[in-house]
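> Could you work out the structure for the sequence below:
(one chain, ligands or ions: 1)
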Amino acid sequence: MKIGFYPGSFDPITFGHLDIITRGAKLFDKLYIAISINPNKKTMFTDDERVDLVKEVVKDFDNIEVIKSDMLTVEHCKLLGASHILRGLRAVTDYDYEFQMTNFNHEISPDIDTIFLMTQGKYSFLSSSSVRELALFGGDTAPFVPLIVKEAITKKLKNTKIK
Ligand code: ADP
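Below you'll find the model as predicted:
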C-alpha cells in the first residue's frame, strides 16, 4: 500500500491546496493531510479549526485522513508507514525552501522521498497568507477558497474585530 503525507499549515486551506490534494489522492492508496502544529507560529485559525475546515473540505475523498502533526515530518511518516512526502510548487520562490527541506529530510531519512506537484497556472499566485490579507481588507475570498472556508474567515474576522 502506497501511503503519502501532505504537510502544511493550511491557514486556511485554499483551492491551490485542494488541487494538490485532488491530484495527490490519485497517486496514493492513502493520503494523510497533516496540519502542522507550531506553537511559535501565529495562525489565523487554531489547530482544531484548521483540522475541522480541511476535514470538511475533503469529506468526499475515501482515501484521505486529516491529522495534526507536531513532530518532525519524516518521523511522522515513519510512524504512519508513509513512503512519500507530497508538496506543491508554485513559483521559483517556493523552490529554494523546498529544495533545502527535501535535501535535509533526505539526509536524515533517505528512505522517505518527496514528490512535488506543480500548481496549475491559475493557482500559482495563491497562498493562504494572500487570502488572509485579502479578507482583512474586506476583499472577496470566494474565488480562492471553498465556501465553508470563506464563511469561517468572515466569522473569525467578525469575532476578532478591534473595537
Ligand atoms: P507551509 O507552512 O508548510 O508552507 P502551506 O499551507 O502554506 O504550509 O502549504 C502547504 C503545501 O501546499 C506547500 O507544499 C505549498 O507549496 C503548497 N501550496 C500552497 N498553496 C499552493 C497553491 N496555490 N498551489 C499549489 N501548492 C500550494
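> what's near enough to touch Ser124?
Applying C-beta atoms under 8 Å, 6 or more residues apart in numbering to Ser124 gives the contacts Arg90, Ala91. C-beta coordinates here come from the backbone N, C-alpha and C atoms, glycine included.
> Would you mind measuring from it to Ser130?
12 Å (C-beta to C-beta, to the nearest Å).
> Likewise for Ile20?
From Ile20 across to Ser130, the span is 16 Å (C-beta to C-beta).
> This protein: strands as residue ranges?
Using DSSP state E, the strands of the chain run over residues 3-8, 30-36, 64-69, 84-89, 113-118.
> Reformat those into JSON lines and put mean neighbour count next to each item.
Output for the strands of the chain, formatted as JSON lines (neighbours: other C-beta atoms under 10 Å):
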{"stretch": "strand 3-8", "mean neighbour count": "22"}
{"stretch": "strand 30-36", "mean neighbour count": "23"}
{"stretch": "strand 64-69", "mean neighbour count": "18"}
{"stretch": "strand 84-89", "mean neighbour count": "20"}
{"stretch": "strand 113-118", "mean neighbour count": "15"}
